[in-house]
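**Student:** I'll drop the sequence and a predicted model, then ask my questions.
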Amino acid sequence: MPLLKIGMIACWALCAAGIAAYAASVVRQITYVTLADGRRARRDLPLVMRLLLPLAPNLKRFASGKQFAAARATADQMIVSGGLEGLLTGVDFVALKFLTPIVCGGAWTVLVFLLSGFLPSDTFLAENRLLISLLGVFGFYAYPLMWLRGTVKRRHFSIMRSLPFVLDLLTLSVEAGMDFMSALQRNCERRKLDPLNEELIRMTSEIQVGTPRRVALRNMAARVRQPDLSSVAYALVQADELGVSIGSILRIQSDQLRSRRFDRAEKMANEAPVKMLGPLMLCIFPAVFVILLGPILSQAVKNIF
C-alpha cells in the first residue's frame, strides 16, 4: 500500500509538472494578426484560450452543426469587430465555449472535492461542494463570451476616443487642398497603429484594389459596428453620392462627435454620486459606526460582565 500511494503521488506530480511546462511554453508565445498592409499587430489572448485553442479542432465537427449556426454567426461578427480575424473563427469560439467548462470546470470540480476531503464535514466548502462546483462550471462556460464582449467594448472605446482627432487632421488636410484619399493615407502612415488606424488601413487597401469608396466605407461600418464610426462612414457615403464637399462634412461630423463626447462625460459625472452611494453605505458608514461606538460598546460589555 505505501508503494501504491507513492506511485500515485509520483504520477500526479509528473502530470502537474507536464501541465505546468505546457502552460509556461504557451505563456511565452505571442499571437499576432496580419493587417491589410502586411504588418502584424499583437493580440493578447487569455491564458485559458491559449491553452485550449489547440484542442478546438477536436470539436470542429460538433461546433459546425446546424444548431449552432446563430452562435457561429454572432461569434464571427464579434471576432471581426474585436480585431481578432485570422486568429479565431466562429467554429473555434463555439468549440472553446464547450471546452472551457469541460476542461477547466472539471479541474475546478476535482480541486473542490479534493480540498473538501481534507476539511471537516461541517465547513462551508464541504457542505456546499456540489453547488460550488456547479457555479465554477457555469462561470467557465460564460467566460469566453464575457471576454469577447469585453474585447469588442475596449476596441470600440479606443475608436471612439481617436475618431475626433483623426477627423480634425483629415479636415485640415482636405481644406488645405489635399484630396481625401491622400489625406487618409498620410494619416495612416504617420499615426500609431491603434484600432481606428487598423480599420482605416483596411478600408484604403480595399479602395486601392478597385473597391468603390462608398462600398469600402459601408464595409467598414458593417465590420466594426461602432456608432460614431458608422455615422461618419454613412455621412461620407452620402456626401459622395450627392457631391457635397467632404471638408464641410468632416468638420460637421467632428463637431458632432465632440458634442457627443461632452454629453457622455456629463452623463457619467451625473451618475457618479449614485454609484458612490453603494460603497458609502456598505463600507464607510459601518467603519464610522465601529470607530465611534466601538469604545462605548466595549465599555458597556465590560460593565455587564
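**Tutor:** Received, thanks.
**Student:** count the neighbours of Lys66 for me.
**Tutor:** Using other Cβ atoms under 10 Å, Lys66 has 6 other residues around it. C-betas here are computed from N, CA, C, even on glycine.
**Student:** swap in the one 4 residues further on?
**Tutor:** Under the neighbour criterion other Cβ under 10 Å, Ala70 is assigned a count of 9.
**Student:** how much space is there between it and Glu271?
**Tutor:** 34 Å (Cβ to Cβ, to the nearest Å).
**Student:** ditto for Leu196
**Tutor:** Leu196 is 26 Å from Glu271, by Cβ to Cβ.
**Student:** hmm, Ile207 is touching Met181, no?
**Tutor:** Yes. If you go by Cβ atoms under 8 Å, Ile207 and Met181 touch, sitting 6.7 Å apart.
**Student:** so those two - more neighbours on which side?
**Tutor:** Legend: neighbour count by other Cβ under 10 Å for Ile207 and Met181, higher for Ile207 (16 against 12).
**Student:** how much space separates Asp92 from Leu163?
**Tutor:** On the measure of Cβ to Cβ, Asp92 and Leu163 end up 30 Å apart.
**Student:** ok, Gly247 next?
**Tutor:** Taken as Cβ to Cβ, the span from Gly247 to Leu163 is 17 Å.
**Student:** show me which of Leu196 and Glu271 is the more surrounded one.
**Tutor:** Taking neighbours as other Cβ under 10 Å, Leu196 and Glu271 compare with Leu196 leading, 23 against 10.
**Student:** could you list the buried residues of the helix or strand where Val274 lies?
**Tutor:** Assessed by DSSP states H and E, Val274 sits inside helix 246-279. By neighbour count on 16 or more other Cβ atoms under 10 Å, the buried set for helix 246-279 is Ile246, Gly247, Ile249, Leu250, Arg251, Gln253, Ser254, Gln256, Leu257.
**Student:** what of stretch 143-158?
**Tutor:** Residues of stretch 143-158 classed as buried by neighbour count (16+ other Cβ under 10 Å): Tyr143, Pro144, Leu145, Trp147, Leu148, Thr151, Val152, Arg155, His156.
**Student:** phi first, then psi, for Leu88.
**Tutor:** phi -130, psi 160 (degrees, to the nearest 10).
**Student:** residues near it, how many?
**Tutor:** Each residue near Leu88 was counted by other Cβ under 10 Å, and the total is 24.
**Student:** quick one: which helix or strand includes the nearest residue to it once chain neighbours are set aside?
**Tutor:** Nearest residue to Leu88, sequence neighbours excluded (Cβ to Cβ, 6 or more residues apart in numbering): Ile79, at 5.2 Å. Taking DSSP H and E as the definition, Ile79 sits inside helix 69-81.
**Student:** of the buried residues of stretch 143-158, which belong to helices?
**Tutor:** Judged by DSSP state H, the subset of the buried residues of stretch 143-158 located in helices is Tyr143, Pro144, Leu145, Trp147, Leu148, Thr151, Val152, Arg155, His156.
**Student:** neighbours of the closest residue to the fifth one other than its chain neighbours, how many?
**Tutor:** Leaving out its chain neighbours, the residue that sits closest to Leu148 by Cβ to Cβ, 6+ apart is Met78, at 5.3 Å. Neighbour count of Met78, defined by other Cβ under 10 Å: 19.
**Student:** cool, Pro195 as well?
**Tutor:** The burial count for Pro195: 23, using other Cβ under 10 Å.
**Student:** with the one 3 residues further on instead?
**Tutor:** Close neighbours of Glu198, defined as other Cβ under 10 Å, add up to 21.
**Student:** likewise for the one 10 residues further on?
**Tutor:** Taking other Cβ under 10 Å as the neighbour definition, Gln208 ends up with a count of 13.
**Student:** and if you look at Val166?
**Tutor:** 21.
**Student:** likewise Phe68?
**Tutor:** Neighbours around Phe68, by other Cβ under 10 Å: 18.
**Student:** repeat for Arg42
**Tutor:** Neighbours of Arg42 (other Cβ under 10 Å): 9.
**Student:** what kind of secondary structure is it in?
**Tutor:** Assigned state for Arg42: strand (three-state reduction, DSSP: H, G, I helix; E, B strand; the rest coil).
**Student:** separation between it and Phe93?
**Tutor:** Using Cβ to Cβ, Arg42 is found at 20 Å from Phe93.
**Student:** who's in contact with Ser173?
**Tutor:** Residues counted as contacts of Ser173 (Cβ atoms under 8 Å, 6 or more residues apart in numbering) are Ser182, Ala183, Arg186, Asn187.
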